[in-house]
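J.: Let me see the structure of the following:
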Amino acid sequence: PLSAGGGCKSITFRFLDSTNETTTTKMSTSAVYNATVQRIRACDSNFKDECYIYEELNSEEQGEDPRQLDSAVPRRYRKRDRLRDLARNVLPVTDSTDVSSYKGDNQITAESDLSRPDRTLWIVTTAALPWMTGTAVNPLLRAAYLTRSHKSVTLVIPWLENEKERNDLYSTAHIHFSCPEDQEIYIRNWLSTSAAMSDAAIALKIVWYPAFYQKTMMSIFAKTDICSLIQPDNPHLDAVVLEEPEHLNWFKAAGDSWTSKFSFVVGIIHTNYKAYAANANAIVGPVAATFVSGASTLMVRAYCHKVIKLSAVLQSFAPEKEVVCNVHGVRSDFVNEGRRRGNSIVVGSDAAKPLCSVYFIGKILWAKGLDRLMYLEHFYRKVTGDYFEIDIYGDGPELPEIMRAYHGRSSGQKRRAVSKFVQCFYAFGGDFDSDFIEEEDEDDDESKAESMQQTEETKPKPWEFTRRSLSEFELPKSIHEYRLNPIPAVFHGRKDHAQLTEQYSVFVNPS
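T.: Numbering: from 1, shown residues only. This is a model prediction of the structure:
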């Protein structure tokens with residue numbers, strides 16, 4: 001039968017006619033389909049009558065000299081080719097013109113053709129809704145769309161077993177889950193309502209793996225080997241897509257290998273962890289970046305047959321099997337909004353254009369480039385004399401300190417900080433100058449008078465007073481918190497990007 005998946009550049013059909021003579025119907029020259037063989041490679045045990053066979057057409061079979069192959073149709077770069085090239089590097093006397101080097105691994109095989117509808121796909125990711133991060137939303141939508149063209153699609157997502165971690169991570173959504181089933185109901189409801197994919201909300205299969213949230217790295221990691229949870233009784237499965245394969249395997253537990261359990265493994269690189277590590281600390285950042293880069297390269301090379309990078313700024317993991325491609329697609333809401341705006345434009349109209357309004361939407365983290373956005377504001381003020389207004393949408397664990405960095409601490413917060421310092425100084429017997437704090441409000445005056453009128457018997461011990469005062473005072477996370485001129489940035493919290501249609505014309509993406 002013809003390949004239902006398509007994608008082959010060429011297929012040649014060979015069969016025997018009534019005169020027992022071989023008749024060849026040639027469609028192209030890149031793969032061979034042999035109709036006389038009933039079953040060479042079965043793609044799935046449930047589809048015994050449908051077998052898709054992809055075999056590379058060797059040039060020697062056509063009587064051609066392998067040295068004269070057309071470079072436009074390269075042969076697959078096999079292991080023996082890698083060994084030959086390695087030998088050339090070790091033994092420079094080898095004549096490099098003996099055999100041509102066939103690089104590139106873009107030939108379609110039975111394992112790599114994921115477009116066939118008979119494929120059983122698994123998509124494993126590192127986050128889940130209601131955490132509105134890229135590795136939660138995009139894999140979910142990818143799995144949902146694939147349910148419309150494939151017979152079986154399963155999404156494998158983390159379940160945070162610690163209740164406090166769940167509450168801290170999902171608190172902005174004002175939702176609390178007591179079990180994975182509750183969170184699954186939320187995810188399917190979001191697919192049906194927000195994504196308008198009610199069919200996928202029913203067809204999609206979901207599997208959970210136990211995980212924990214690492215606050216320092218702001219990431220979720222598995223507590224067990226994920227491979228062992230995916231049909232443990234079946235050692236040979238079809239195809240899997242690893243969203244962030246380096247992240248999934250940094251702390252991989254002992255168990256099955258992805259490439260041994262699945263016939264084809266695709267890794268999709270989302271995050272520039274090397275840049276995150278380099279910018280985390282000025283002293284240890286370069287060392288950490290080198291370590292993260294090396295560990296990520298090892299994980300990706302070991303567990304992926306094909307690597308897809310969402311951006312060319314990401315580091316190189318395995319040049320012989322990686323490609324840069326936007327596999328997320330574009331949400332239909334944005335396409336419809338673009339058409340609406342295009343249709344509303346009147347050609348030749350002299351109507352005044354509205355003033356430019358700026359916004360940012362994303363996870364509120366310094367690593368997303370919000371420090372660079374602040375420097376952009378400073379440059380704009382140096383040129384024009386004032387900051388530009390911006391609306392910021394999103395949430396994240398660093399939201400409070402980023403808001404203080406943009407707005408500066410309030411005068412009351414500054415006065416209370418100075419007051420705590422003075423009280424600690426007085427507790428250790430220092431000479432308190434009443435003119436040290438200026439413009440105190442009445443409450444601060446009363447508290448100061450009470451603290452100064454304490455008798456020796458009732459006055460707390462210096463170390464006790466200092467410990468209590470410092471625990472009540474939150475230390476600044478950056479010098480920007482004491483800015484005199486606040487940046488006119490309004491933090492609106494989390495909102496669906498598709499709802500921001502009319503009021504903005506410029507999107508700033510500092511990352």
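J.: From Lys306, how far out is Leu114?
T.: Going from Leu114 to Lys306 by CB to CB, to the nearest Å gives 9 Å. Glycine gets a C-beta too; all of them are placed from N, C-alpha and C.
J.: can you list residues touching both of the two?
T.: Residues touching both Leu114 and Lys306 (CB atoms under 8 Å, 6 or more residues apart in numbering) are 264, 266.
J.: which one is Phe507 nearest to, not counting chain neighbours?
T.: Once flanking residues are discounted, Phe507 sits nearest to Tyr359: 6.2 Å by CB to CB, 6 or more residues apart in numbering.
J.: element containing the one you found?
T.: Using DSSP states H and E, Tyr359 maps to strand 358-361.
J.: re the thing from before, how close does the residue nearest to Phe507 get to Ile108?
T.: 42 Å.
J.: residues touching the closest residue to Ile390 other than its chain neighbours, list them.
T.: In space, and not counting its chain neighbours, Ile390 is closest to Val358: 4.6 Å by CB to CB, 6+ apart. Neighbouring residues of Val358 by CB under 8 Å, 6+ apart: 388-391, 504, 506-508.
J.: Could you give the bridge partners of Val358?
T.: Residues in a beta bridge with Val358, per DSSP bridges, are Ile390, Val506.
J.: quick one: it from Val508, how far?
T.: Counting by CB to CB - Val358 and Val508 are separated by 6 Å.
J.: Common neighbours of these two, please.
T.: Joint contacts of Val358 and Val508 (CB under 8 Å, 6+ apart) are Ile390.
J.: Report the mean confidence score over the helix ranked longest in the chain.
T.: When the chain is parsed with DSSP state H, its longest helix is helix 285-303. For helix 285-303, mean pLDDT rounds to 91.
J.: Can you point out the buried residues in it?
T.: By 16 or more other CB atoms under 10 Å, the buried positions in helix 285-303 come out as 288-289, 292-293, 296-297, 299-301, 303.
J.: so what's Asp256 closest to, chain neighbours aside?
T.: Nearest one to Asp256, counting by CB to CB, 6+ apart, is Cys227 at 3.9 Å.
J.: Could I get the CA-only coordinates of the helix or strand hosting that neighbour as PDB?
T.: Following DSSP H and E, one finds Cys227 within helix 226-229. C-alpha atoms of helix 226-229 as PDB (Å, rounded to 0.1, in the frame of the first residue of the first chain):
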ATOM      1  CA  ILE A 226       9.900   8.400  33.700                       C
ATOM      2  CA  CYS A 227      10.600   5.600  31.200                       C
ATOM      3  CA  SER A 228       9.700   3.000  33.800                       C
ATOM      4  CA  LEU A 229       6.200   4.600  34.200                       C
END
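J.: So which elements touch it?
T.: strand 205-214 (3 or more CB pairs under 8 Å, 6 or more residues apart in numbering; DSSP states H and E).
J.: helices or strands up against the very next helix or strand once past the strand it packs on?
T.: Counting by DSSP H and E, the element after strand 205-214 in chain order, helix or strand, is strand 219-222. Counting contacts by 3+ CB pairs under 8 Å, 6+ apart, strand 219-222 packs against strand 152-160, strand 205-214, helix 245-249.
J.: Give the partner strands of strand 219-222 in its sheet and their orientations.
T.: Here strand 219-222 is paired, per DSSP bridges, with strand 205-214 (antiparallel).
J.: when you compare where the partner strand runs with where strand 152-160 runs, what's the angle?
T.: Interaxial angle, strand 205-214 versus strand 152-160 (axes from the mean of the first three to the mean of the last three CA atoms, to 10 degrees): 30 degrees.
J.: Please work out the average pLDDT along the helix holding Cys227.
T.: The average of the pLDDT scores along helix 226-229 is 90.
J.: Pull out the buried positions in that helix.
T.: Residues of helix 226-229 classed as buried by neighbour count (16+ other CB under 10 Å): 226-227, 229.
J.: now swap in stretch 199-210 and tell me
T.: 200-201, 203-204, 206-209.
J.: For the protein, which helix or strand comes out least confident on mean pLDDT?
T.: None of the helices or strands of the chain scores lower by mean pLDDT, DSSP states H and E than strand 31-34, at a mean of 40.
J.: Identify, from the buried residues of helix 285-303, the entry nearest to Leu146.
T.: Tyr303 (20.8 Å; CB to CB).
J.: which residue sits closest to that closest one, ignoring its sequence neighbours?
T.: Nearest one to Tyr303, counting by CB to CB, 6+ apart, is Trp258 at 4.4 Å.
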